[in-house]
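Participant: Just the structure for this:
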Amino acid sequence: MELSPIGLVHSSIRSRSDMPVQGVDAEIEVFPAYSGALSGVGENSHLILICWLHEADRRVLKAVARKVSRDLPEKGVFSLRSPARPNPLSISVVRLLGVREERFLALANVDVIDGTPVIDIKPYQTGWDCVFSATGHDRIEKIQKMGPGEYREDLIREAVNYHGELCPGVAVAVRVAEAATRILKCDLSMPQVSVTLGADPCIADALIGITGARPGNRRLGCSGGNCYAFAGPGEEAVFCLQDVPESVDAILACSEASLFDCDVRSPARSIGK
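Facilitator: Residues are numbered from 1 along each chain as shown. Reported below is the predicted structural model:
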């Protein structure tokens, strides 16, 4: 088996310990011998980036998600996204920001350090690469150990990946999801959590992206009003929006009390009661 790098990562992050969970903006330099393979790449909004994690410890079989918390339980590396693994390949979806000189790619959400060898680049295709109905383990322990900023960034990425942009409606959905997670003390993507949407389509998109709720899995309903609800085991949190600021920054910075009223009730009661 032979692998030949086709390029290198140029990033402001030079140490693995300094890499944010969401990655950073970075540039990929594709070597001149492979520049012809980039023909047409600019037609894609997202790419699959495959890299060789050259500083990884290949002897590690179990690890902890240290970027979140060292107190999390140890798991096998095949159930984690740890860089340490027998064959340290990094596979990530990145946003293509631009192409210059026909061989330099400007990318967002790159989570590998400066100088990392690039093995391959593929176009991301929604119909093939996105499995919206996919499920995973309960993340509540991980979420509870995240800092507020880290969890917010996680929610924003999930919402934007579904909706397409960070608009005021997405920012409102993120603030509502933060509060719902804290109140219900559960992972909003779990099957036991159902969601009732209001009328705003951007908020609806974002909450679907964050929770994975949909009519087909009987987790999604719609009131058509100004309220959004999350029903979990034993209780329901209903959020009725107030006067929402017009900018994303203002929404993310204002107090919850100025953004919405919250009523925690028995899930047997409907939003309209």
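Participant: And the top strand by length along the chain, what does it pack against?
Facilitator: Secondary structure assigned by DSSP state E gives strand 89-100 as the longest strand of the chain. Applying 3 or more CB pairs under 8 Å, 6 or more residues apart in numbering; DSSP states H and E, we find strand 89-100 packed against strand 46-52, strand 104-110. Backbone N, C-alpha and C define where each C-beta goes, glycine included.
Participant: So in that sheet, which strands flank the last one, and in what orientation?
Facilitator: Strand 104-110 has the following strand partners under DSSP bridges: strand 24-30 (antiparallel), strand 89-100 (antiparallel).
Participant: Pick the most buried one from the ones you listed.
Facilitator: strand 24-30 (a mean of 20; mean count of other CB atoms under 10 Å).
Participant: how much does that one deviate in direction from strand 46-52?
Facilitator: Calculated by axes from the mean of the first three to the mean of the last three CA atoms, to 10 degrees, strand 24-30 forms an angle of 70 degrees with strand 46-52.
Participant: Verify the stated contact: S11 with D114.
Facilitator: Yes. Counting by CB atoms under 8 Å, D114 is a contact partner of S11 at 4.3 Å.
Participant: neighbour-wise, which of these two wins?
Facilitator: S11 (21 against 14; other CB atoms under 10 Å).
Participant: ok, the more buried one - contacts?
Facilitator: S11 is in contact with 24, 26-27, 110, 112-114, 116, counting by CB atoms under 8 Å, 6 or more residues apart in numbering.
Participant: Using TSV, lay out these together with distance to L252 and pLDDT.
Facilitator: What follows is the contacts of S11, written out as TSV (distance: CB to CB, whole Å; pLDDT from 0 to 100):
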residue	distance to L252	pLDDT
V24	20	95
A26	24	98
E27	28	98
V110	23	97
V112	28	96
I113	28	96
D114	30	97
T116	31	97
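Participant: need the residues you listed in a markdown table with distance to G209, can you?
Facilitator: A markdown table is the format used below for these (distance: CB to CB, whole Å):
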| residue | distance to G209 |
| --- | --- |
| V24 | 22 |
| A26 | 24 |
| E27 | 28 |
| V110 | 21 |
| V112 | 25 |
| I113 | 29 |
| D114 | 31 |
| T116 | 29 |
